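Engineer: based on what follows, work out the 3D shape:
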Amino acid sequence: MSSIYHNIKSASKRRKKLLAILIDPDKIEINSIASACEKINQSIATHIFVGGSEVEEFETEKVVAELKKHTKLPIILFPGDVTQITNKADGILFLSLISGRNPEYLIGKHVEAASKLYRTQLEVIPTGYVLIENGKQTAVERVSNTQPLSRENIDAIVNTARAGELLGMKLIYLEAGSGATHPVDYKIISEVKKRLKIPLIVGGGIRSKEDLELAYNSGADMVVIGTAFEENENFFEELKK
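Structural biologist: Sure, this is the predicted structure:
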C-alpha cells in the first residue's frame, strides 16, 4: 500500500494540487463531526489534518476516532504537543519549528515523543515548520515562545526552508498561523518552491478560492485551510467537487 508521503510526493511531481482541511480538537464538538465530514467529503479535500496549539489531553484521540467513522480520507496528526499523538490516525507530521530557536520545539519535544511513536503504527513524516509573521500574534508564537520570520525577509525564509531540506525533512510547511490577517505572500511561496526538491505545504489565512488558487499557482503542493472552510459557506460551495 502506498504511503501518505509517497502519494504527496507523487502528486507534487504530477502537479496535482492537494487540499487539507485542518480540524482543531479544541474548537469542534464531537456531535458536529458527522456534519463536518459530510461537507469535507463533498469537497475537493484530499487530506484531513488534526491538531492545535493548545488541546486537552485525549481530545485528539476522540476527534480522530469520530472522524474515522465518517470519512475515508487520510487523517494526519498536526500536533502542538506530544499529548496529541494517537495511534487511531494514519500519519503524523513530525514538526520541527525551524523558524524559531527554542530547543524544545527543534528537538526537545521530539525526544519526548520518540518512545510513544515507536509504539504506534503511524506513518511519521519529518516536516520543517516555518512560521511567518502575518500582522498579529498567533497561538504558535505564544505556546512555542518563538518569533516568526519577517515576511519582508524572503532570503531568510528561503534559506530556512533549504536548511530544513538539507537536514532531511521530507516536507516544508510555510505557516501564517491560525486566523492570520493575510496568507503567506505569493512571492514567498514562489521563491521557496524554486529552491526545494521536496513538497511544499502552505497554510494560514486562506479565506477564498482566489487565495487558494494564488497559493497553488505560486508553487504550493498542498494548501491547508481551517476555520474558513466551516465559517464561509460561499467558500465551501466553491470547493465542492
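Engineer: for the helix or strand of the chain with the lowest mean pLDDT, buried residues please.
Structural biologist: Averaged element by element with mean pLDDT, DSSP states H and E, the chain has its least confident helix or strand at helix 227-231 (a mean of 79). Within helix 227-231, the residues that count as buried by 16 or more other CB atoms under 10 Å are A228, F229, E230. Quick note: C-beta positions are derived from backbone N, CA and C, even for glycine.
Engineer: now distance to N145 too, for these, in a markdown table please.
Structural biologist: Below are the buried residues of helix 227-231 laid out as a markdown table (distance: CB to CB, whole Å):
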| residue | distance to N145 |
| --- | --- |
| A228 | 27 |
| F229 | 29 |
| E230 | 29 |
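Engineer: just name the closest of these to L19, please.
Structural biologist: F229 (9.4 Å; CB to CB).
Engineer: identify the residues contacting that closest one.
Structural biologist: I21, K39, I40, S43, F235, F236, L239 (CB atoms under 8 Å, 6 or more residues apart in numbering).
Engineer: just checking, what packs against the helix or strand just after the least confident helix or strand of the chain?
Structural biologist: Remark: after helix 227-231, the chain's next helix or strand is helix 233-238, criterion DSSP states H and E. Contacts defined by 3 or more CB pairs under 8 Å, 6 or more residues apart in numbering; DSSP states H and E place helix 233-238 against helix 227-231.
Engineer: circling back to that earlier point, between the buried residues of helix 227-231, which is nearest P148?
Structural biologist: For those, the residue nearest P148 by CB to CB is A228; the value is 20.1 Å.
Engineer: if we ignore the residues flanking it in sequence, what's nearest that closest one?
Structural biologist: In space, and not counting its chain neighbours, A228 is closest to R207: 4.4 Å by CB to CB, 6 or more residues apart in numbering.
Engineer: do the same with G51
Structural biologist: F78 (3.5 Å).
Engineer: could you give the number of residues near the one you found?
Structural biologist: Other residues within reach of F78, judged by other CB atoms under 10 Å, total 26.
Engineer: touching, it and S53? I think so.
Structural biologist: No: the pair F78 / S53 is not scored as a contact, 10.2 Å apart, by CB atoms under 8 Å.
Engineer: contacts for stretch 185-198, please.
Structural biologist: The set of residues external to stretch 185-198 that reach it, using CB under 8 Å, 6+ apart, is 9, 132, 151, 154, 157-158, 161-162, 165, 169-172, 174, 200, 202, 214-215, 217-220.
Engineer: what about the nearest residue to K27 once chain neighbours are set aside, which SS state?
Structural biologist: Once flanking residues are discounted, K27 sits nearest to G52: 7.1 Å by CB to CB, 6+ apart. Counting by DSSP: H, G, I helix; E, B strand; the rest coil, the backbone at G52 sits in coil.
Engineer: and the gap between the closest residue to L18 other than its chain neighbours and A228?
Structural biologist: Leaving aside its sequence neighbours, L18 sits nearest to M222 (CB to CB, 6+ apart; 4.0 Å). M222 sits at a distance of 16 Å from A228 (criterion: CB to CB, to the nearest Å).
Engineer: so, low pLDDT: which residues of the protein?
Structural biologist: Applying pLDDT under 70 to the chain picks out residues 1.
Engineer: where does L131 land in three-state SS?
Structural biologist: Three-state assignment for L131 (three-state DSSP): strand.
Engineer: can you report how many residues lie near it?
Structural biologist: The local packing of L131 (other CB under 10 Å) involves 25 other residues.
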